[in-house]
Each structure stands twice: as structure tokens, then as C-alpha cells.
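# Task: produce atomic coordinates for the following.
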Amino acid sequence: MSQHLTIVEHPLVQHKLTIMRQKETSTAVFRQLLREISQLLAYEITRELPMTTRTIDTPLQPMEAPVLDGKKLALISILRAGNGLLDGVLELVPSARVGFVGLYRDEETLKPVQYYFKVPEGLDDRLVIAVDPMLATGNSSAAAVDMLKKAGATNIRFLCLLAAPEGVARMKEAHPDVPIVTAALDERLNEKGYIVPGLGDAGDRMFGTK
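Residues are numbered from 1 along each chain as shown. Okay, the predicted model is just below:
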């Protein structure tokens with residue numbers, strides 16, 4: 001992927017996102033839409049996967065047919081909200097390896113603190129897709145990518161549902177080699193670090209914790 005930010009403007013993505021933004025949308029509907037939209041975004045982020053061919057037999061004759069090349073890709077969920085995107089992408093790419101990065105924000109320093117990190121082996125040979133619905137300040141996303149690079153990943157892409165200009169700028173500064181695919185670039189962050197107009201806290205809305 002050449003450009004740093006790709007906004008997926010497909011009509012189905014935009015329509016589903018509008019329903020997710022509405023405050024009256026239920027947890028069950030929000031979760032289902034997130035699963036559906038994540039598959040549409042995954043379609044875009046996997047567009048340039050390497051291909052090879054192999055000989056197969058159709059009911060009529062043998063042929064050289066295209067198949068994915070190389071090691072299985074790795075999906076990395078940035079906990080906890082990343083799991084909502086992870087489910088949908090896994091339905092599309094069921095053979096993918098899966099890892100998890102757990103970060104929380106220290107309320108005094110406002111810096112991300114790691115509490116969990118478990119990723120597949122051989123990240124240097126895999127396309128690594130990190131998923132988190134919201135790219136807000138970009139601090140936790142940049143920290144997660146730092147950790148993935150330390151674990152050996154060299155080909156990383158970042159998949160999110162919504163991005164704020166501040167988060168995109170932070171990621172570009174910290175990781176200019178990591179393309180971002182999102183459904184929308186919103187206006188800004190508010191004083192609490194929430195994306196505006198946004199859709200609230202994706203984790204709370206997905207898991208019904210508020």
C-alpha cells in the first residue's frame with residue numbers, strides 16, 4: 001500500500017457507519033455492524049496480498065489457478081475494543097494467526113502502559129494487521145506498533161473504524177511506514193481525547209459496559 005491513509009468510501013461502509021454512530025443503536029446491532037464493516041475494511045487492507053499459482057483440477061480440466069503466497073498473515077487486536085474488528089476479519093481470513101496487545105493509559109502521565117503482549121512467532125515473515133476501532137490521540141496505537149516492531153514485524157498495516165487528524169499525524173510521525181485504512185476521518189479530538197463527532201466509546205458500545 002503506497003499511501004499512508006486510505007479512507008474506504010464504499011456506500012455499504014458509510015451506511016453501516018452512520019447507523020453505528022447513532023446513540024440509540026443497541027449493543028447487539030452495534031456489534032453486528034462492527035463485524036460486517038470490519039469485513040469490508042479487511043477486503044481493502046488485504047487488496048495487495050502476494051499471490052502465486054498452483055495446479056488444480058476443475059470438473060472440466062486442470063488449470064493454473066491463483067492462491068495466496070507466503071506465510072499466513074497475523075492479526076493483532078489492540079485490547080479490548082480491537083476484538084470487535086478482529087472477529088469480522090477472522091471470518092474473512094480464518095487461517096490467520098492472532099495476537100493481542102493490552103495497553104492502558106496512565107492517568108497521571110497520559111502515556112500508554114503495557115499489561116499484556118502475546119503474538120505469533122515469525123512476524124518478520126508475515127503481513128501484520130493491527131486492529132483497533134478508534135485512532136484517537138494515536139499514542140496507544142503508536143506504542144502497540146513499537147511493540148510489534150520489537151517483536152520482529154516489518155510489514156505492518158493499521159485497521160481502524162474511525163480516525164482523528166491528530167491520531168493520523170501522530171502515527172505518520174512515529175511510523176511513516178505503516179499504512180492506515182479507516183472508514184472515516186472525523187473532525188477532531190475533544191478535551192477528553194474522544195473523536196468528534198465520533199460514536200462514543202467503541203468498547204463500551206460493543207460490550208454494553210455503559
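# Please make it C-alpha for all contacts and neighbour counts, starting now.
Fine.
# so after the lengthiest helix in the chain, what's the next helix or strand?
Taking DSSP state H as the criterion, the chain has its longest helix at helix 27-45. Counting by DSSP states H and E, the next helix or strand C-terminal to helix 27-45 is strand 51-57.
# which other residues reach the longest strand seen in the chain?
Longest strand in the chain by number of residues (criterion: DSSP state E): strand 97-105. For strand 97-105, the external contacting residues (C-alpha atoms under 8 Å, 6 or more residues apart in numbering) are 72-80, 111-120, 140, 144.
# and what of stretch 10-22?
With C-alpha under 8 Å, 6+ apart, stretch 10-22 has contacts from T25, V29, F30, L33, L34, I37, L40, L41, A183, G198, L199, G200.
# Generate a ChimeraX selection restricted to the buried entries among those residues.
Buried members of these, identified by 16 or more other C-alpha atoms under 10 Å, are gathered into one ChimeraX selection as follows:
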select :30,33,34,37,40,41,183,198,199,200
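# Adding distance to M63, write the contacts of stretch 10-22 out as JSON lines.
Listed next are the contacts of stretch 10-22 as JSON lines, based on distance: C-alpha to C-alpha, whole Å:
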{"residue": "T25", "distance to M63": "48"}
{"residue": "V29", "distance to M63": "43"}
{"residue": "F30", "distance to M63": "43"}
{"residue": "L33", "distance to M63": "38"}
{"residue": "L34", "distance to M63": "38"}
{"residue": "I37", "distance to M63": "34"}
{"residue": "L40", "distance to M63": "30"}
{"residue": "L41", "distance to M63": "31"}
{"residue": "A183", "distance to M63": "38"}
{"residue": "G198", "distance to M63": "49"}
{"residue": "L199", "distance to M63": "48"}
{"residue": "G200", "distance to M63": "51"}
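# now the strands for the protein?
Remark: strands assigned in the chain by DSSP E are 5-7, 51-57, 62-68, 74-79, 97-105, 112-118, 127-131, 134-135, 155-159, 162-163, 180-182, 184-185, 188-189, 195-196.
# Identify each buried residue in the first one, please.
This means strand 5-7. In strand 5-7, counting by 16+ other C-alpha under 10 Å, buried: L5, T6, I7.
# So in that sheet, which strands flank it, and in what orientation?
strand 180-182 (parallel) (DSSP bridges).
# Same question for the third one.
Strand pairing for strand 62-68, using DSSP bridges, gives strand 51-57 (antiparallel).
# who's in contact with the partner strand?
By C-alpha under 8 Å, 6+ apart, the residues outside strand 51-57 that reach it are P62, M63, E64, A65, P66, V67, L68, D69.
# from those, which is closest to V93?
L68 (11.1 Å; C-alpha to C-alpha).
# quick revisit: only alpha carbons, please: show the longest helix of the chain as CSV.
Output in CSV follows, covering the C-alpha atoms of helix 27-45 (Å, rounded to 0.1, in the frame of the first residue of the first chain):
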residue,chain,number,x,y,z
THR,A,27,-25.3,-3.0,21.7
ALA,A,28,-26.4,-6.1,19.6
VAL,A,29,-26.9,-4.1,16.4
PHE,A,30,-23.6,-2.1,17.0
ARG,A,31,-21.7,-5.4,17.5
GLN,A,32,-23.2,-6.9,14.3
LEU,A,33,-22.5,-3.8,12.2
LEU,A,34,-18.9,-3.7,13.5
ARG,A,35,-18.4,-7.3,12.4
GLU,A,36,-19.9,-6.6,8.9
ILE,A,37,-17.9,-3.3,8.5
SER,A,38,-14.7,-5.0,9.6
GLN,A,39,-15.0,-7.5,6.7
LEU,A,40,-15.5,-4.7,4.2
LEU,A,41,-12.4,-2.8,5.6
ALA,A,42,-10.4,-6.1,5.6
TYR,A,43,-11.2,-6.5,1.9
GLU,A,44,-9.5,-3.2,1.3
ILE,A,45,-6.5,-3.7,3.6
